[in-house]
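Student: What follows is a predicted structure for the sequence shown.
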Amino acid sequence: MSHKIHAGFLGTGSYLPEKILTNQDMEKIVETSDEWIVTRTGIRERHVAAPNQFTSDMAVEAAKVALADAKLKATDLDLIIVATITPDTPTPATACWVQSKLGAFQAAAFDLSAACSGFVYGLTVAKAFVESGTYKHILLIGAEKLTAFIDWKDRGTCVLFGDGAGATIIGPVDEGHHQILSSFMAANGNEADLLKIPGGGCRVPSSKESIEQSLHTLKMEGKEIFKTAVKVMSEATLEAAQRAGLKLEDFSLVIPHQANIRIIQAIGERLKLDPNKLFINLDKIGNTSAASVIIALDEAIKKGRVKKGDHLALVAFGAGTTLASCAVRW
Ligand code: UT7
């Protein structure tokens, strides 16, 4: 008799670098104010990695916590996926640096590039590998050193982003126990220009001129991204529910990508969700792109916001543009 494998969370962990930049610190860097940043975004402070601390270092710290939580060793891992847009190096993949630092030599390793949706995209990928029986223990990480890719003269972006990492081990679970019930991924390449790092790829190879024009830093059409984010993240939350055979009201917690508190509140209003069901931690960490949803999930678990049997929605939207969601039964 065939036995269906269910994929789910075996452990979680996160890591935030020590140094904190407050809005008052930002006031000394660009022409901005704590009042503007708080009212327009909800962000009060963000963590910044040390100059010699890379995306892989933060990823490894988060991974160690997730491995301990899952009671597994690095050598138990079959695959490492690092979702990031701020890799240590264009090649090799950050996942390979992580594999070496962890000593996870049995594991295959690759990076996943789906910007802020990267971690939730990764959940779909990991779920498929586990449920097909291809891999048993997958280390999925969202990690970013965004402060290395920011134009510190552009007040429209530099106040938004922070550094950090979150990790989980995805593996076989008993049905309904920490299980990923449904997953959804989408993309709209026609919106690729809205949020991008224009330089450093083969279109605009790094040169003296590209550096002078700051083309290796993140550029964003904030207003356009904002409007799309509200619409499509609302739709994706519904999609995750429907694919899991759930209703929106079954979710006891929705963990959205942490880009802007006004985006999260607008999603809540569109979906008529109780505001207490929306998890928010961007005030303390800003937008950490691919790390955002897993850092938030780990914090929600550790704060006791997630109880056995709860239904959760994880939803993210980012550059690409990309969109992803999952329904989880804890
Ligand atoms: O993670 C991937 C997805 N990313 C997102 O979802 C981000 C989506 N976008 C946003 O969150 C918002 O669009 C922003 C927070 C980026 C910007 O907020 P906004 O309400 O859309 O402001 P805006 O860009 O329309 O700018 C309004 C005004 C402008 O001044 P004028 O032209 O009206 O005189 C800006 O120059 O605010 C000014 N401004 C600032 N003022 C003080 C922009 N940034 C700042 C700042 N401090 N940091």
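Tutor: Everything's here; your move.

Student: what residues does the chain put near the ligand?
Tutor: Applying C-beta under 6 Å from any ligand atom, one finds that the chain approaches the ligand through 32, 36-37, 40-41, 116, 155-156, 159, 222-223, 225-226, 229, 259-260, 263, 287, 289, 318. (C-beta placed from N, C-alpha, C; glycine too.)

Student: From those residues, list just the buried residues.
Tutor: For the residues of the chain next to the ligand, a neighbour count by 16 or more other C-beta atoms under 10 Å gives the buried set as 32, 37, 41, 116, 155, 159, 222, 225, 229, 259-260, 263, 287, 289, 318.

Student: Just the ones of these in strands?
Tutor: Here DSSP state E is the test, and these give G318 as lying in strands.

Student: Quick one: mark the members of the buried ones among the residues of the chain next to the ligand that sit in helices.
Tutor: Assigned to helices by DSSP state H, the following of these qualify: 37, 41, 155, 222, 225, 229, 263.

Student: Now compare those residues and name the two farthest from each other.
Tutor: R155 and A229 (20.1 Å; C-beta to C-beta).

Student: quick one: contacts for the residue nearest the centre of the chain?
Tutor: For the chain, the residue nearest the mean C-alpha position is A290 (2.8 Å; C-alpha atoms, centre = their mean). Counting by C-beta atoms under 8 Å, 6 or more residues apart in numbering, A290 makes contact with 83-85, 114-119, 142-144, 318.

Student: Poorly predicted segments of the protein, please.
Tutor: Counting by pLDDT under 70, the chain has low-confidence residues at 1-2.

Student: Smallest distance to the ligand belongs to which residue of it?
Tutor: Of all residues in the chain, G222 sits closest to the ligand, at 2.9 Å by C-beta to the nearest ligand atom.

Student: Hmm, that residue is touching G156, no?
Tutor: Yes: the pair G222 / G156 is scored as a contact, 6.0 Å apart, by C-beta atoms under 8 Å.

Student: where exactly do the helices run in the protein?
Tutor: All helices of the chain, identified by DSSP H, fall at 23-27, 34-41, 55-69, 94-102, 118-131, 155-158, 208-212, 222-243, 261-270, 282-285, 292-302.

Student: Same list, the ones you listed, but as TSV with distance to L253 please.
Tutor: What follows is those, written out as TSV (distance: least, C-beta to C-beta, whole Å):
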stretch	distance to L253
helix 23-27	27
helix 34-41	22
helix 55-69	19
helix 94-102	28
helix 118-131	15
helix 155-158	29
helix 208-212	43
helix 222-243	12
helix 261-270	12
helix 282-285	16
helix 292-302	6
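
Student: Quote the end-to-end distance of stretch 313-328.
Tutor: Using C-alpha to C-alpha, to the nearest Å, the end-to-end distance of stretch 313-328 comes out at 6 Å.

Student: Pull out the buried positions in it.
Tutor: Those would be 313-328, for stretch 313-328 by 16+ other C-beta under 10 Å.

Student: Next: stretch 289-303.
Tutor: Buried, per 16+ other C-beta under 10 Å, within stretch 289-303: 289-301.

Student: Same question for stretch 241-254.
Tutor: 241, 244, 246, 248, 251-254.

Student: Just confirm A186 contacts E235, I think it does.
Tutor: No: at 9.0 Å, A186 does not count as touching E235 under the criterion of C-beta under 8 Å.

Student: residues shared between the contacts of G222 and G156?
Tutor: Common neighbours of G222 and G156, counting by C-beta under 8 Å, 6+ apart, are absent.

Student: thought I180 was touching V120?
Tutor: No: in this structure, I180 is not within contact of V120 by C-beta under 8 Å, at 10.3 Å.

Student: what about the two, which has more around it?
Tutor: V120 (32 against 25; other C-beta atoms under 10 Å).

Student: How about that one: what's its closest non-neighbour residue?
Tutor: Nearest non-adjacent residue to V120, counting by C-beta to C-beta, 6 or more residues apart in numbering: A324, 3.7 Å away.

Student: I figured that neighbour hits T124, correct?
Tutor: Yes: with contact defined as C-beta under 8 Å, A324 reaches T124; the gap is 6.8 Å.

Student: which residues do the two both contact?
Tutor: Shared contacts of A324 and T124 (C-beta under 8 Å, 6+ apart): 183-185.

Student: Could you dump those into CSV with neighbour count added?
Tutor: Converted to CSV, these look like this (neighbours: other C-beta atoms under 10 Å):
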residue, neighbour count
S183, 24
F184, 21
M185, 18
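
Student: Give me the distance between stretch 65-84 and the centre of its chain.
Tutor: Averaged C-alpha coordinates place stretch 65-84 at 17 Å from its chain's average position (C-alpha atoms, centre = their mean, to the nearest Å).

Student: No further queries at this time; thank you.
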